[in-house]
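J.: Pasting the sequence and the predicted coordinates here, then a few questions.
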Amino acid sequence: MKSLHIQLLVILLATIFATPGIAQTKIDEMSLERWAKLREVERYQLNIAEKYFKEKKYEVALSEYEKYLSLYERSDAASFAQLKWSLCLNQLRKQNTAIKEGFQSVVDYWPDSVDAAKASYLIGKTYVDIGRVSYGKKAYQETIEDYPDNPVAVYSLSGLAEIARQEKNETNLVKIWKRLTFDIERTKLTSGTCATAANSLAGYYFGKGAFPDALKSLQANYKDDQLSYYVYYYSRSPLSGLIGKDETKTTGLRLADQTVSYLKAHLETDLSTDALKSKAQQQWNQMIEVQKYSRRDDKVLAAYKAMLGVFGNTDEILGSLADYHVSQKRYDQARSIYRQFKDKIQGFSKVAVSFSSEGNVAEAVKVYKQLAGLDPENSAKWQGAEASAYVAVKQYVQAIQIYRSLVASDALNSQQWLWALATTQRDANQWKEAIGTFRQSENFPENYRQMASCHRALKEYKEALILYGQIIGGSESMAPWAQLQIGYTYEQMDSAEQAIKAFQQCCKKYPKASYASTAHAHLQNKYKISVTLGGGTDE
């Protein structure tokens with residue numbers, strides 16, 4: 001058995017087979033044409049059973065399907081009732097009985113019914129669900145042989161593919177994908193499964209560097225512009241994997257050249273309307289992104305140069321090129337391009353951000369001050385950006401000074417600046433000042449949460465407990481978290497008994513919350529106390 005190629009695994013994670021869900025939706029339904037042929041008394045009894053099945057009251061539904069079978073065993077819907085009876089057993093975790101006395105009975109007693117094929121598939125699926133994979137394989141194969149033209153054959157192939165994936169049997173998996181992609185006639189019930197297989201097969205071939213085979217797989221699903229898009233979409237991750245390893249780099253570079261060549265050959269060349277121009281620009285961006293995945297700087301820069309030759313020096317394309325230089329840490333080149341923007345404010349903003357990315361806060365601040373002068377209507381915005389630049393390098397004193405000024409000068413956005421001021425004071429360990437500022441914020445309960453944290457940093461535990469209590473009383477969603485924090489706060493106070501009570505309260509009052517699970521584990525690990533969520537305690 002071969003080990004799966006890394007790209008195969010990536011594609012499998014991205015394209016999990018959805019067939020069982022599709023199958024199940026149709027398998028537990030009866031066609032309207034068939035329903036119309038039933039007598040009124042039959043429909044009445046079946047409706048009762050169906051009602052309980054839909055309500056997930058499976059024991060009651062089971063009884064009602066049995067009643068239908070006893071009353072109308074010669075009905076056209078008897079096989080359907082038997083099938084649904086079996087599905088109830090599945091839900092009641094009596095899968096072996098469902099297989100032997102349920103699904104198999106449908107196949108044996110109603111072999112010509114539409115339900116026989118469904119039952120045959122469900123035998124295999126149920127075996128796999130309970131871990132009897134070898135029996136499931138055999139059942140799936142029998143379904144494919146007995147009902148080759150029925151959608152259940154496709155569902156069974158999908159089931160076999162999932163088994164091959166779990167067993168890491170690449171040979172069988174690819175064989176099934178090929179069959180689903182190229183050999184199966186696509187219908188409303190099977191097209192989704194076949195399309196997923198084709199995409200997975202394409203991803204597999206891209207991962208092997210086999211561009212023609214990948215393209216052929218995608219051609220089973222798409223054409224024209226859609227085909228170009230999915231060549232771009234499915235080639236990227238395999239390219240990254242291939243080029244990232246020395247032993248497959250050559251294969252990856254060849255695949256990159258083939259992919260780019262295909263995309264280039266299918267670029268939109270009619271730029272006569274804005275819509276066509278936008279479409280063409282998007283295709284160019286996709287082609288350049290593939291070049292980026294190939295990690296060939298010269299190819300990327302050449303592609304941008306060609307794109308600028310087609311569309312001109314637009315801010316959008318220049319910005320994308322400059323951003324690429326930033327990603328390569330070529331900040332000076334990036335800034336020289338940003339300064340070419342027609343939108344000078346946007347260009348200078350990008351220049352400032354690039355200085356911050358480089359860690360040069362002094363230059364970033366200079367540019368933000370320029371922006372405040374160039375764009376006086378948004379002066380507060382640029383002052384706030386200047387403060388953020390200071391915060392990024394932990395120069396809190398300067399940031400706090402700016403935020404204080406903004407709180408006073410920009411009344412319309414005072415809550416925004418209050419919050420920025422408070423969090424900066426907190427980060428600067430100015431706990432008392434931060435508490436006072438958070439108190440002015442209207443952002444409940446987050447402001448109380450932050451205030452409590454500051455009080456704990458100051459070892460003012462009683463004040464923190466009061467705030468947690470107010471959160472519990474005023475915020476249903478944050479109450480479980482606050483109750484958990486009460487326990488931790490008591491621990492900081494060296495009050496183990498109170499802490500235990502607080503953690504137990506968290507488990508009792510909020511058994512469905514994740515914080516209750518945290519409290520439960522903490523009680524077991526630290527105090528060796530076992531608590532039933534929502535219930536009692538065993539020591």
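T.: Received it, and whenever you're ready, just let me know what you need.
J.: Let me see the confidence value for residue 532.
T.: For residue 532, the model assigns a pLDDT of 69.
J.: Residue 30 too?
T.: 89.
J.: Next, it: secondary structure please.
T.: coil (DSSP: H, G, I helix; E, B strand; the rest coil).
J.: neighbours around it, how many?
T.: Neighbours of residue 30 under the rule other Cβ atoms under 10 Å: 18. In this view, the C-beta of every residue, glycine as well, is placed from N, C-alpha and C.
J.: residues in contact with it?
T.: The contact partners of residue 30, by Cβ atoms under 8 Å, 6 or more residues apart in numbering, come to 77, 80.
J.: if we go to 6 Å?
T.: residue 80 (Cβ atoms under 6 Å, 6 or more residues apart in numbering).
J.: Kindly list the main-chain dihedrals of it?
T.: phi -110, psi 140 (degrees, to the nearest 10).
J.: What residue, apart from its backbone neighbours, is nearest residue 105 spatially?
T.: Nearest non-adjacent residue to residue 105, counting by Cβ to Cβ, 6 or more residues apart in numbering: residue 82, 5.8 Å away.
J.: tell me which element that neighbour is part of?
T.: Residue 82 belongs to helix 78-91 when assigned by DSSP states H and E.
J.: just checking, what packs against that helix?
T.: helix 58-71, helix 104-109, helix 114-129 (3 or more Cβ pairs under 6 Å, 6 or more residues apart in numbering; DSSP states H and E).
J.: at 7 Å what do you get?
T.: helix 40-54, helix 58-71, helix 104-109, helix 114-129 (3 or more Cβ pairs under 7 Å, 6 or more residues apart in numbering; DSSP states H and E).
J.: got those as CSV, with distance to residue 307 and mean neighbour count columns?
T.: Listed next are those as CSV, based on distance: least, Cβ to Cβ, whole Å; neighbours: other Cβ atoms under 10 Å:
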stretch, distance to residue 307, mean neighbour count
helix 40-54, 56, 16
helix 58-71, 60, 18
helix 104-109, 61, 17
helix 114-129, 50, 24
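J.: coming back round to it: any residues touching the helix holding residue 82, and which ones?
T.: 28, 30, 46, 49, 53, 58, 61-62, 65-66, 68-69, 72, 97-98, 102-103, 105-106, 110, 113, 115-116, 118-119, 126 (Cβ atoms under 7 Å, 6 or more residues apart in numbering).
J.: roughly how far out does stretch 498-506 sit from the chain middle?
T.: The chain centroid and the centroid of stretch 498-506 are separated by 35 Å under Cα atoms, centre = their mean, to the nearest Å.
J.: ok, and what's touching it?
T.: 480, 483-484, 486-487, 490-491, 515-516, 519, 522-523, 527, 529, 531, 537.
J.: contact partners of stretch 94-110?
T.: Contacts for stretch 94-110 (Cβ under 7 Å, 6+ apart): 79, 82-83, 85-86, 89-90, 115-116, 119-120, 122-123, 126-127, 129-130.
J.: circling back to that earlier point, the residue nearest to residue 105 - how many residues pack around it?
T.: With other Cβ under 10 Å as criterion, residue 82 counts 25.
J.: Setting the sequence-adjacent residues aside, check what's closest to residue 284.
T.: Using Cβ to Cβ, 6+ apart, the nearest residue to residue 284 is residue 307, at 4.8 Å.
J.: Need phi/psi at the one you found.
T.: According to degrees, to the nearest 10, residue 307 has phi -70, psi -40.
J.: Just to check, it is in contact with residue 285?
T.: No. Under the criterion of Cβ atoms under 7 Å, residue 307 lies out of contact with residue 285, with a separation of 8.2 Å.
J.: Looking at these two, which is more packed in?
T.: When residue 307 is set against residue 285 and neighbours are counted by other Cβ under 10 Å, the residue ahead is residue 307, at 20 against 15.
J.: so how far is residue 489 from that one?
T.: Distance, residue 307 to residue 489, using Cβ to Cβ, to the nearest Å: 58 Å.
J.: same question, residue 367
T.: Residue 367 is 45 Å from residue 489, by Cβ to Cβ.
J.: again with residue 417
T.: 30 Å.
J.: got it, and residue 33?
T.: On the measure of Cβ to Cβ, residue 33 and residue 489 end up 67 Å apart.
J.: Compare the two (neighbour count), which wins?
T.: Neighbours per residue (other Cβ under 10 Å) separate residue 33 from residue 489, with residue 489 holding more: 22 against 7.
J.: Go ahead and confirm that one touches residue 461.
T.: Yes. If you go by Cβ under 7 Å, residue 489 and residue 461 touch, sitting 5.4 Å apart.
J.: which residues sit in contact with the closest residue to residue 439 other than its chain neighbours?
T.: Nearest non-adjacent residue to residue 439, counting by Cβ to Cβ, 6+ apart: residue 451, 6.6 Å away. Residues near residue 451 by Cβ under 7 Å, 6+ apart: 435, 438-439, 467.
J.: do residue 344 as well
T.: Here residue 344 is in contact with residue 374 (Cβ under 7 Å, 6+ apart).
J.: top of the contacts of stretch 498-506 by neighbour count?
T.: That'd be residue 519 among these, by other Cβ under 10 Å, with 27 neighbours.
J.: rewinding a little: using TSV, lay out the helices and strands packed on helix 78-91 together with distance to residue 495 and mean pLDDT.
T.: Listed next are the helices and strands packed on helix 78-91 as TSV, based on distance: least, Cβ to Cβ, whole Å; pLDDT from 0 to 100:
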stretch	distance to residue 495	mean pLDDT
helix 40-54	52	95
helix 58-71	49	95
helix 104-109	64	96
helix 114-129	50	96
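J.: Reformat those as a markdown table; add distance to residue 250.
T.: Below are those laid out as a markdown table (distance: least, Cβ to Cβ, whole Å):
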| stretch | distance to residue 250 |
| --- | --- |
| helix 40-54 | 57 |
| helix 58-71 | 58 |
| helix 104-109 | 54 |
| helix 114-129 | 40 |
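J.: re earlier: could you check how far the residue nearest to residue 284 is from residue 286?
T.: Taking Cβ to Cβ, one finds residue 307 at 11 Å from residue 286.
J.: what do you get for residue 245?
T.: For residue 245 relative to residue 286 (Cβ to Cβ), the value is 24 Å.
J.: Among these two, which residue is more densely surrounded?
T.: A direct count of neighbours by other Cβ under 10 Å for residue 245 and residue 286 places residue 286 higher, at 19 against 11.
J.: Sweet, I'm off.
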